[in-house]
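Novice: what's the 3D shape of this:
(one chain, ligands or ions: 1)
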Amino acid sequence: MNLMTKEKPYNTLNAFYRNKFGKKVFKIALNGNFTCPNKDGKSGYGGCIYCSELGSGDFAGNKESSLKDQFNQVKELMHNKWDDGLYIAYFQANTNTYDTVARLRYLYETALSLDDKIIGLSIGTRCDALNTEIYDLLSELNKRTYLQIELGLQSIHDKTSVFINRGHSLACFDRAVKELRKRNIEVVVHIINGFHIETKQEMLETVEHLNTLGIQGIKIHLLHVMKNTKLGNMYLKEPFKMLTLKEYVDITVSQIEILNPNIIIHRLTGDSPTDLLIVPEWSRKKFVIMNEIDKTLRSKNSYQGINYIKK
Ligand code: SF4
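Specialist: Now for the predicted structure:
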(Lines give C-alpha, C1' and ligand atoms only; values in the text may rest on other atoms or scores of the structure.)
Protein backbone atom coordinates (compact mmCIF):
# COMPACT_ATOMS: atom_id res chain seq x y z
CA MET A 1 0.00 0.00 0.00
CA ASN A 2 1.49 3.30 -1.03
CA LEU A 3 -0.04 6.24 0.82
CA MET A 4 2.77 8.69 0.35
CA THR A 5 1.65 12.23 -0.39
CA LYS A 6 3.30 15.45 -1.41
CA GLU A 7 3.31 16.50 2.24
CA LYS A 8 4.50 13.22 3.70
CA PRO A 9 7.01 11.03 1.88
CA TYR A 10 6.00 8.03 3.98
CA ASN A 11 2.81 6.13 4.82
CA THR A 12 1.09 7.93 7.67
CA LEU A 13 -1.52 6.36 9.90
CA ASN A 14 -3.89 9.22 9.22
CA ALA A 15 -3.80 8.60 5.46
CA PHE A 16 -4.15 4.85 6.03
CA TYR A 17 -7.30 5.25 8.14
CA ARG A 18 -8.83 7.82 5.79
CA ASN A 19 -8.19 5.50 2.88
CA LYS A 20 -9.61 2.47 4.70
CA PHE A 21 -12.57 4.00 6.55
CA GLY A 22 -13.18 7.24 4.60
CA LYS A 23 -13.07 9.30 7.80
CA LYS A 24 -10.80 10.56 10.51
CA VAL A 25 -10.18 7.76 13.01
CA PHE A 26 -9.09 8.28 16.60
CA LYS A 27 -7.58 5.73 18.90
CA ILE A 28 -9.00 6.10 22.37
CA ALA A 29 -6.67 4.66 25.00
CA LEU A 30 -8.47 2.57 27.60
CA ASN A 31 -7.06 1.06 30.75
CA GLY A 32 -8.27 -2.50 31.40
CA ASN A 33 -6.37 -2.73 34.68
CA PHE A 34 -3.91 -5.35 33.41
CA THR A 35 -0.51 -6.16 34.82
CA CYS A 36 2.55 -7.45 32.98
CA PRO A 37 4.40 -10.82 32.94
CA ASN A 38 7.64 -8.87 33.11
CA LYS A 39 6.63 -7.44 36.47
CA ASP A 40 4.88 -10.24 38.32
CA GLY A 41 7.58 -12.89 37.89
CA LYS A 42 6.12 -14.97 35.05
CA SER A 43 8.86 -13.70 32.73
CA GLY A 44 10.68 -11.29 34.96
CA TYR A 45 10.52 -8.92 37.91
CA GLY A 46 10.67 -5.16 37.96
CA GLY A 47 9.65 -4.62 34.35
CA CYS A 48 11.52 -2.93 31.52
CA ILE A 49 13.88 -0.29 32.87
CA TYR A 50 12.07 2.58 31.16
CA CYS A 51 8.59 1.43 32.19
CA SER A 52 6.62 3.98 34.17
CA GLU A 53 4.39 3.31 37.12
CA LEU A 54 1.44 3.27 34.73
CA GLY A 55 2.87 0.46 32.60
CA SER A 56 3.91 2.76 29.75
CA GLY A 57 0.31 3.81 29.46
CA ASP A 58 0.68 7.32 30.82
CA PHE A 59 -1.96 8.62 28.45
CA ALA A 60 -4.36 5.72 28.90
CA GLY A 61 -7.55 6.13 30.92
CA ASN A 62 -7.93 5.84 34.67
CA LYS A 63 -8.04 2.17 35.63
CA GLU A 64 -10.41 2.91 38.50
CA SER A 65 -13.07 4.15 36.07
CA SER A 66 -15.27 1.91 33.96
CA LEU A 67 -14.36 1.48 30.31
CA LYS A 68 -17.51 3.45 29.46
CA ASP A 69 -16.50 6.44 31.60
CA GLN A 70 -12.94 6.36 30.23
CA PHE A 71 -14.24 6.28 26.68
CA ASN A 72 -16.84 9.02 27.16
CA GLN A 73 -14.32 11.35 28.73
CA VAL A 74 -12.03 11.25 25.69
CA LYS A 75 -14.86 11.10 23.18
CA GLU A 76 -16.28 14.35 24.47
CA LEU A 77 -12.99 16.14 23.77
CA MET A 78 -12.64 14.61 20.31
CA HIS A 79 -16.25 15.09 19.40
CA ASN A 80 -16.05 18.88 19.75
CA LYS A 81 -13.42 18.97 17.03
CA TRP A 82 -14.38 16.07 14.78
CA ASP A 83 -18.03 15.24 15.17
CA ASP A 84 -18.04 12.70 12.34
CA GLY A 85 -14.89 10.85 13.46
CA LEU A 86 -14.69 7.12 14.11
CA TYR A 87 -12.95 5.39 17.01
CA ILE A 88 -10.68 2.48 17.75
CA ALA A 89 -10.66 1.30 21.36
CA TYR A 90 -7.01 1.01 22.29
CA PHE A 91 -5.94 -1.16 25.22
CA GLN A 92 -2.58 0.41 25.90
CA ALA A 93 -1.31 0.26 29.49
CA ASN A 94 0.65 -2.82 30.59
CA THR A 95 0.06 -6.14 28.78
CA ASN A 96 -3.45 -6.31 27.43
CA THR A 97 -3.71 -10.02 26.67
CA TYR A 98 -2.35 -11.07 30.06
CA ASP A 99 -5.45 -12.55 31.69
CA THR A 100 -7.94 -15.38 31.34
CA VAL A 101 -9.63 -15.74 27.99
CA ALA A 102 -12.98 -15.15 29.71
CA ARG A 103 -11.91 -11.76 31.10
CA LEU A 104 -10.23 -10.78 27.85
CA ARG A 105 -13.37 -11.62 25.92
CA TYR A 106 -15.48 -9.61 28.37
CA LEU A 107 -13.23 -6.53 28.13
CA TYR A 108 -12.87 -6.60 24.34
CA GLU A 109 -16.62 -7.15 23.81
CA THR A 110 -17.44 -4.39 26.29
CA ALA A 111 -15.10 -1.99 24.50
CA LEU A 112 -16.60 -2.79 21.10
CA SER A 113 -20.12 -2.17 22.41
CA LEU A 114 -19.38 1.23 24.01
CA ASP A 115 -20.40 3.27 20.98
CA ASP A 116 -21.61 2.57 17.46
CA LYS A 117 -18.75 4.68 16.12
CA ILE A 118 -16.17 2.23 17.47
CA ILE A 119 -14.95 0.39 14.41
CA GLY A 120 -12.29 -1.79 15.96
CA LEU A 121 -9.79 -2.70 18.61
CA SER A 122 -6.11 -2.12 19.07
CA ILE A 123 -4.45 -4.27 21.71
CA GLY A 124 -0.94 -3.66 23.02
CA THR A 125 0.82 -6.76 24.29
CA ARG A 126 3.96 -8.92 24.52
CA CYS A 127 4.83 -12.19 22.82
CA ASP A 128 4.95 -14.05 26.17
CA ALA A 129 1.32 -13.16 26.95
CA LEU A 130 -0.15 -14.98 23.96
CA ASN A 131 -1.15 -18.63 23.62
CA THR A 132 -3.33 -20.80 21.39
CA GLU A 133 -6.55 -19.96 23.22
CA ILE A 134 -5.81 -16.25 23.00
CA TYR A 135 -4.81 -16.48 19.33
CA ASP A 136 -8.16 -18.19 18.72
CA LEU A 137 -10.04 -15.41 20.50
CA LEU A 138 -8.15 -12.76 18.51
CA SER A 139 -8.77 -14.64 15.29
CA GLU A 140 -12.50 -14.75 16.04
CA LEU A 141 -12.55 -11.00 16.74
CA ASN A 142 -10.51 -10.33 13.62
CA LYS A 143 -13.23 -11.91 11.50
CA ARG A 144 -15.89 -9.49 12.66
CA THR A 145 -14.11 -6.26 13.56
CA TYR A 146 -11.01 -4.32 12.66
CA LEU A 147 -8.18 -5.58 14.85
CA GLN A 148 -4.60 -4.48 15.39
CA ILE A 149 -2.19 -6.20 17.75
CA GLU A 150 0.65 -3.98 18.91
CA LEU A 151 3.73 -5.92 19.96
CA GLY A 152 6.65 -4.44 21.87
CA LEU A 153 10.08 -5.37 20.58
CA GLN A 154 12.22 -2.23 20.94
CA SER A 155 15.32 -3.85 19.47
CA ILE A 156 16.41 -7.14 17.92
CA HIS A 157 19.72 -7.11 19.80
CA ASP A 158 20.25 -9.42 22.76
CA LYS A 159 22.52 -6.97 24.58
CA THR A 160 19.68 -4.42 24.51
CA SER A 161 17.12 -6.96 25.64
CA VAL A 162 19.34 -7.73 28.64
CA PHE A 163 20.06 -4.03 29.32
CA ILE A 164 16.38 -3.07 29.34
CA ASN A 165 15.32 -6.24 31.19
CA ARG A 166 12.77 -7.04 28.48
CA GLY A 167 12.29 -10.60 29.68
CA HIS A 168 11.66 -12.31 26.36
CA SER A 169 13.74 -13.41 23.41
CA LEU A 170 13.66 -12.33 19.79
CA ALA A 171 12.59 -15.89 18.90
CA CYS A 172 9.50 -15.49 21.12
CA PHE A 173 8.64 -12.24 19.34
CA ASP A 174 9.17 -13.73 15.87
CA ARG A 175 6.93 -16.69 16.76
CA ALA A 176 4.14 -14.41 17.94
CA VAL A 177 4.27 -12.38 14.72
CA LYS A 178 4.12 -15.60 12.73
CA GLU A 179 1.09 -16.89 14.67
CA LEU A 180 -0.75 -13.59 14.29
CA ARG A 181 0.00 -13.29 10.59
CA LYS A 182 -1.06 -16.92 10.05
CA ARG A 183 -4.49 -15.74 11.25
CA ASN A 184 -4.31 -12.66 9.06
CA ILE A 185 -4.21 -10.32 12.05
CA GLU A 186 -2.65 -6.90 11.58
CA VAL A 187 0.60 -6.50 13.53
CA VAL A 188 2.11 -3.18 14.61
CA VAL A 189 5.57 -3.31 16.20
CA HIS A 190 7.09 -0.84 18.66
CA ILE A 191 10.79 -0.07 18.48
CA ILE A 192 12.90 2.42 20.41
CA ASN A 193 15.77 4.50 19.05
CA GLY A 194 18.38 5.91 21.38
CA PHE A 195 19.76 3.26 23.72
CA HIS A 196 23.31 4.44 24.32
CA ILE A 197 24.62 0.89 23.95
CA GLU A 198 23.39 0.72 20.33
CA THR A 199 24.96 2.14 17.19
CA LYS A 200 23.02 3.62 14.28
CA GLN A 201 23.80 0.46 12.29
CA GLU A 202 22.25 -1.70 15.01
CA MET A 203 19.09 0.42 15.04
CA LEU A 204 18.84 0.00 11.26
CA GLU A 205 19.25 -3.77 11.67
CA THR A 206 16.11 -3.83 13.83
CA VAL A 207 14.11 -2.32 10.95
CA GLU A 208 15.75 -4.68 8.43
CA HIS A 209 14.59 -7.61 10.54
CA LEU A 210 11.03 -6.29 10.76
CA ASN A 211 10.97 -5.96 6.96
CA THR A 212 11.22 -9.75 6.74
CA LEU A 213 8.23 -10.52 9.01
CA GLY A 214 5.25 -9.30 6.98
CA ILE A 215 4.09 -6.78 9.60
CA GLN A 216 1.63 -3.99 8.76
CA GLY A 217 2.70 -1.14 11.02
CA ILE A 218 5.58 0.30 13.01
CA LYS A 219 5.81 2.72 15.90
CA ILE A 220 9.24 4.30 16.13
CA HIS A 221 9.79 5.76 19.59
CA LEU A 222 12.48 8.03 20.85
CA LEU A 223 13.96 6.85 24.14
CA HIS A 224 12.67 9.08 26.92
CA VAL A 225 14.31 8.95 30.32
CA MET A 226 11.60 9.52 32.88
CA LYS A 227 11.49 10.16 36.61
CA ASN A 228 10.46 7.25 38.84
CA THR A 229 11.84 4.63 36.46
CA LYS A 230 14.93 2.43 36.79
CA LEU A 231 16.41 4.09 33.72
CA GLY A 232 15.74 7.50 35.23
CA ASN A 233 17.48 6.58 38.47
CA MET A 234 20.40 5.15 36.50
CA TYR A 235 20.69 8.37 34.50
CA LEU A 236 20.51 10.61 37.56
CA LYS A 237 23.27 8.58 39.24
CA GLU A 238 25.51 8.44 36.19
CA PRO A 239 24.30 10.25 33.05
CA PHE A 240 24.84 8.40 29.79
CA LYS A 241 24.90 9.66 26.24
CA MET A 242 21.53 10.52 24.77
CA LEU A 243 20.88 11.15 21.09
CA THR A 244 20.86 14.74 19.92
CA LEU A 245 17.92 15.90 17.80
CA LYS A 246 20.19 15.81 14.75
CA GLU A 247 21.26 12.22 15.45
CA TYR A 248 17.68 11.09 16.06
CA VAL A 249 16.52 12.64 12.79
CA ASP A 250 19.43 11.09 10.91
CA ILE A 251 18.76 7.59 12.28
CA THR A 252 15.00 7.79 11.82
CA VAL A 253 15.29 9.10 8.26
CA SER A 254 17.62 6.20 7.41
CA GLN A 255 15.13 3.76 8.96
CA ILE A 256 12.29 5.23 6.86
CA GLU A 257 14.46 4.90 3.77
CA ILE A 258 15.06 1.18 4.31
CA LEU A 259 11.55 0.40 5.57
CA ASN A 260 9.33 -1.78 3.39
CA PRO A 261 7.11 0.72 1.50
CA ASN A 262 3.98 -1.29 2.40
CA ILE A 263 4.35 -0.71 6.14
CA ILE A 264 2.31 2.06 7.78
CA ILE A 265 4.24 4.36 10.11
CA HIS A 266 2.12 4.91 13.22
CA ARG A 267 4.67 7.01 15.07
CA LEU A 268 7.98 8.73 14.47
CA THR A 269 8.76 9.89 17.97
CA GLY A 270 7.24 9.41 21.40
CA ASP A 271 5.37 11.08 24.21
CA SER A 272 6.19 11.38 27.85
CA PRO A 273 4.28 13.37 30.48
CA THR A 274 6.15 16.71 30.60
CA ASP A 275 6.53 16.74 34.38
CA LEU A 276 8.16 13.29 34.38
CA LEU A 277 10.68 13.84 31.58
CA ILE A 278 14.36 14.00 32.54
CA VAL A 279 16.00 13.89 29.09
CA PRO A 280 16.18 14.58 26.20
CA GLU A 281 14.97 18.12 26.67
CA TRP A 282 14.48 18.59 22.91
CA SER A 283 11.92 15.79 22.84
CA ARG A 284 9.35 18.19 24.29
CA LYS A 285 9.04 19.78 20.85
CA LYS A 286 7.38 16.95 19.00
CA PHE A 287 6.43 19.09 16.02
CA VAL A 288 10.03 20.21 15.58
CA ILE A 289 11.14 16.56 15.42
CA MET A 290 8.44 15.68 12.87
CA ASN A 291 9.27 18.76 10.78
CA GLU A 292 12.97 17.99 10.80
CA ILE A 293 12.32 14.41 9.64
CA ASP A 294 10.02 15.61 6.81
CA LYS A 295 12.41 18.42 5.86
CA THR A 296 15.39 16.09 5.70
CA LEU A 297 13.56 13.58 3.50
CA ARG A 298 12.29 16.32 1.19
CA SER A 299 15.67 18.04 0.93
CA LYS A 300 17.14 14.92 -0.64
CA ASN A 301 14.06 13.88 -2.62
CA SER A 302 13.88 10.81 -0.48
CA TYR A 303 10.94 8.69 0.70
CA GLN A 304 9.92 5.52 2.55
CA GLY A 305 11.53 2.48 1.04
CA ILE A 306 13.93 4.25 -1.31
CA ASN A 307 16.68 1.99 0.05
CA TYR A 308 14.47 -1.02 0.84
CA ILE A 309 15.97 -4.34 -0.12
CA LYS A 310 13.57 -7.26 -0.27
CA LYS A 311 15.05 -10.33 1.43
S1 SF4 B 1 6.37 -4.87 28.67
FE2 SF4 B 1 5.46 -2.83 28.81
S3 SF4 B 1 4.26 -2.85 30.70
FE4 SF4 B 1 5.62 -4.63 30.78
S5 SF4 B 1 7.39 -3.88 31.92
FE6 SF4 B 1 7.86 -3.60 29.75
S7 SF4 B 1 7.19 -1.52 29.26
FE8 SF4 B 1 6.26 -2.07 31.22
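Novice: can we go C-alpha only for contacts and neighbour counts from here?
Specialist: OK.
Novice: which residues touch the helix or strand harbouring L297?
Specialist: Using DSSP states H and E, L297 maps to helix 286-299. Taking contacts as C-alpha atoms under 8 Å, 6 or more residues apart in numbering, the residues outside helix 286-299 that touch it are K8, P9, L245, V249, D250, T252, V253, L268, T269, G270, S283, Y303.
Novice: And stretch 18-33, by the same measure?
Specialist: For stretch 18-33, the external contacting residues (C-alpha under 8 Å, 6+ apart) are 14, 17, 57, 59-64, 67, 70-71, 74-75, 82, 84-93, 96, 107, 122.
Novice: Run through the strands of this structure in chain order.
Specialist: Counting by DSSP state E, the chain has strands at residues 25-30, 86-91, 118-125, 146-154, 186-193, 217-222, 225-226, 264-267, 277-279.
Novice: export those to a markdown table and tack on mean pLDDT?
Specialist: Putting the strands of the chain into a markdown table (pLDDT from 0 to 100) gives the following:
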| stretch | mean pLDDT |
| --- | --- |
| strand 25-30 | 93 |
| strand 86-91 | 96 |
| strand 118-125 | 98 |
| strand 146-154 | 98 |
| strand 186-193 | 98 |
| strand 217-222 | 98 |
| strand 225-226 | 96 |
| strand 264-267 | 97 |
| strand 277-279 | 96 |
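Novice: Which among those strands is found nearest to N307?
Specialist: For the strands of the chain, proximity to N307 was assessed by C-alpha to C-alpha; strand 264-267 is nearest, at 16.2 Å.
Novice: before we move on, back to that, narrow the contacts of stretch 18-33 to those that are buried.
Specialist: Among the contacts of stretch 18-33, those buried by neighbour count (16 or more other C-alpha atoms under 10 Å) are 14, 57, 59-62, 67, 70-71, 74-75, 85-93, 96, 107, 122.
Novice: In the stretch 51-200 of the chain, what residue comes closest to the ligand?
Specialist: For the stretch 51-200 of the chain and the ligand, the shortest gap (C-alpha to the nearest ligand atom) falls at N94, measuring 3.6 Å.
Novice: number of nearby residues for that residue?
Specialist: Using other C-alpha atoms under 10 Å, N94 has 27 other residues around it.
Novice: How about T212?
Specialist: 12.
Novice: Same question for N19.
Specialist: The number of residues packed near N19 is 12, by other C-alpha under 10 Å.
Novice: Likewise for the one 3 residues further on?
Specialist: Other residues within reach of G22, judged by other C-alpha under 10 Å, total 12.
Novice: Show the pLDDT at it.
Specialist: The confidence metric pLDDT takes the value 96 at G22.
Novice: one step back: quickly note the distance from the residue of the stretch 51-200 of the chain closest to the ligand to V187.
Specialist: N94 sits at a distance of 17 Å from V187 (criterion: C-alpha to C-alpha, to the nearest Å).
Novice: next one: Y87
Specialist: Remark: distance between Y87 and V187 (C-alpha to C-alpha) = 18 Å.
Novice: so where's the stretch 151-300 of the chain uncertain?
Specialist: Within the stretch 151-300 of the chain, no range satisfies pLDDT under 70.
Novice: residues touching P37, list them.
Specialist: Contact partners of P37, counting by C-alpha under 8 Å, 6+ apart, are S43, G44, T95, Y98, D128, A129.
Novice: can you pull the pLDDT of it?
Specialist: Per-residue confidence (pLDDT) for P37: 97.
Novice: cool, T5 as well?
Specialist: The predicted local confidence for T5 is 64.
Novice: cool, and D84?
Specialist: Listed pLDDT for D84 reads 85.
Novice: How about the residues of the stretch 1-150 of the chain by the ligand?
Specialist: Listed as neighbours of the ligand in the stretch 1-150 of the chain under the rule C-alpha under 6 Å from any ligand atom: C36, N38, K39, G47, C48, C51, G55, S56, N94, T95.
Novice: In helices only, show me those.
Specialist: The subset of those located in helices under the criterion DSSP state H is empty.
Novice: As TSV, those with distance to N262 would be great.
Specialist: Converted to TSV, those look like this (distance: C-alpha to C-alpha, whole Å):
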residue	distance to N262
C36	31
N38	32
K39	35
G47	33
C48	30
C51	30
G55	30
S56	28
N94	28
T95	27
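Novice: Sounds good, over and out.
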